[in-house]
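Visitor: what shape does this take:
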Amino acid sequence: MKKIIVALVLLIMLAPPLGGNVYNIKNFEENKSRAAIDAYDFLIIAPDNWLDSLQPFVDFKETHGVKTKLVGLSECLKMNGRDDAEKVKYYIKYAYDTWGIKYVLLVGGRKPGFKERWYMPVRYVHNSFGGGFWGEPCFLSDLYFADLYDGNGKFSSWDTNENGIFGEWCNGSVDKNIDLKPDVYVGRWPARSEEEVKIVVEKTIDYEEHAHGSTWARRIVVAAGDTYPEYPTYEGEVTTSEALQYLEGYNVTKLYTSDGTLKGWKDIVREVNKGCGILYLDGHGNPMSWTTHMPNSTEWIPDFKVTRMMYLKNNGMYPICVVGGCHNSQFNVSFSNTFKIYKGMDEWYKYLYKGENSPE
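Guide: Residues are numbered from 1 along each chain as shown. All right, here's what the predicted structure looks like:
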């Protein structure tokens with residue numbers, strides 16, 4: 001009897017606490033030891049019906065020594081969490097703790113239509129910037145999915161006051177102890193269809209196979225002007241020139257409004273079509289266009305619009321593009337916003353003026 005009691009005590013001491021499965025994966029094979037689970041470098045999460053289109057990318061990564069795990073979104077949503085975004089973040093944490101992943105790719109953007117719905121969950125954070133016409137009460141942040149732990153080593157919910165408002169810093173209410181330090185590298189392909197996924201896979205593989213060692217990839221094009229003409233410095237030209245100090249070994253093409261080499265979007269298209277590895281634009285932008293000012297003038301140069309992308313003929317020479325502009329990478333936009341006049345003239349005008357009716 002004593003042996004039985006001792007055995008029971010040991011079992012109780014060694015057993016995990018109730019609810020101690022922090023990952024809460026349903027039907028997970030708990031008898032697998034951590035040592036028996038393969039390590040991975042790269043985690044890709046995508047809608048289940050897009051997985052086949054991503055498999056060539058997984059195979060390509062594997063052949064280059066990058067151990068890659070492809071997971072359907074439905075598997076992530078088996079986690080416990082307050083909403084789908086938190087469930088995805090818990091799965092990334094699980095993958096980080098279990099497989100040692102370093103890189104994460106989220107595949108999926110906004111679904112077409114008037115109502116905002118997503119192929120891959122997003123997180124809006126509420127770091128308020130003023131009010132009125134330019135007010136932004138909340139905005140998208142994929143840093144949320146990368147910042148897994150707070151400074152104390154605990155899961156970083158980004159909602160420390162537990163009021164359901166994430167990344168909050170407004171109206172006197174603050175989510176404290178968010179260190180904003182990414183624990184993994186997170187990127188997103190905000191694709192809006194499986195066909196877009198196939199295109200991005202094809203172009204990414206093409207880039208990774210051919211860019212290294214090519215002449216065009218060692219060329220950088222910068223374009224800038226007088227970002228804020230009310231101040232004495234040509235800010236965009238200063239920042240791009242400073243950036244070039246860190247990029248040794250590149251052939252540099254500068255397009256500046258101050259010397260007349262940048263008069264409009266055609267100058268940018270001409271240089272990109274020659275092939276470049278890096279394109280750096282520093283000025284003003286929204287989801288529909290990018291532009292900047294002539295020297296000491298409020299005059300805008302002819303802008304580089306989405307509709308002018310058709311003039312790019314750089315097939316097989318895809319640059320890494322860095323943009324200094326307010327909202328060029330905003331991906332919660334939709335052409336359907338063009339028709340939201342029913343929200344009132346003021347709100348409708350905001351959609352149009354801010355370029356948030358960019359085509360899908």
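Visitor: quick check: neighbours of the host helix or strand of residue 255 in the sheet, parallel or antiparallel?
Guide: Here residue 255 sits within strand 251-256, counting by DSSP states H and E. The pairing partners recorded for strand 251-256 under DSSP bridges are strand 219-224 (parallel).
Visitor: could you count how many residues lie near residue 249?
Guide: 6 (other CB atoms under 10 Å). Where you see a C-beta, it was placed from the backbone N, CA and C, and this is true even at glycine.
Visitor: didn't it look like it was pressed against residue 218?
Guide: Yes: counting by CB atoms under 8 Å, residue 249 does reach residue 218; the two are 6.5 Å apart.
Visitor: any buried residues in the strand holding residue 255, and which?
Guide: Of the residues in strand 251-256, 253-256 count as buried by neighbour count, 16 or more other CB atoms under 10 Å.
Visitor: where does residue 203 fall, helix, sheet strand or coil?
Guide: Under the three-state scheme (DSSP: H, G, I helix; E, B strand; the rest coil), residue 203 adopts helix.
Visitor: swap that for residue 208, sorry
Guide: Note that with three-state DSSP, the state of residue 208 is helix.
Visitor: roughly how far apart are residue 262 and residue 50?
Guide: Residue 262 is 39 Å from residue 50, where distance means CB to CB, to the nearest Å.
Visitor: what's the most distant pair in the buried residues of strand 251-256?
Guide: Farthest apart among the buried residues of strand 251-256 by CB to CB are 253 and 256. That separation is 10.5 Å.
Visitor: helices of this structure, residue ranges please.
Guide: For the chain, the helices defined by DSSP state H cover 2-14, 51-63, 73-76, 84-99, 143-146, 194-210, 235-244, 265-273, 345-353.
Visitor: between those helices, which gets nearest to residue 292?
Guide: Nearest to residue 292, of the helices of the chain and by CB to CB, is helix 235-244 at 5.6 Å.
Visitor: check which residues of that closest one are buried.
Guide: In helix 235-244, counting by 16+ other CB under 10 Å, buried: 235-237, 239-241, 243-244.
Visitor: which residues outside that helix are in contact with it?
Guide: 220, 222-228, 250, 252, 254, 256-258, 280, 282-283, 292, 324 (CB atoms under 8 Å, 6 or more residues apart in numbering).
Visitor: and that helix, how far from the chain's centre?
Guide: Chain-centre distance of helix 235-244: 24 Å, with CA atoms, centre = their mean, to the nearest Å.
Visitor: what of stretch 141-149?
Guide: Offset of stretch 141-149 from its chain centre (CA atoms, centre = their mean): 10 Å.
Visitor: any low-confidence regions in this structure?
Guide: 1-37, 129-135, 172, 335, 337-343, 348-360 (pLDDT under 70).
Visitor: what's the domain layout of it?
Guide: 23-188, 211-329 (automatic domain parsing).
Visitor: can you lay out those as TSV showing distance to residue 194?
Guide: Shown next, in TSV, are the domains of the chain (distance: least, CB to CB, whole Å):
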stretch	distance to residue 194
domain 23-188	5
domain 211-329	21
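Visitor: these: which one's closest to residue 347?
Guide: domain 23-188 (10.5 Å).
Visitor: mind checking which of the domains of the chain is nearest residue 205?
Guide: Here domain 23-188 is closest among these (CB to CB), at 5.1 Å.
Visitor: residues contacting the closest residue to residue 107 other than its chain neighbours?
Guide: Of all residues not flanking residue 107 in the chain, residue 46 sits nearest, at 3.7 Å (CB to CB, 6 or more residues apart in numbering). Going by CB under 8 Å, 6+ apart, residue 46 touches 54, 70-73, 106-108, 120, 197.
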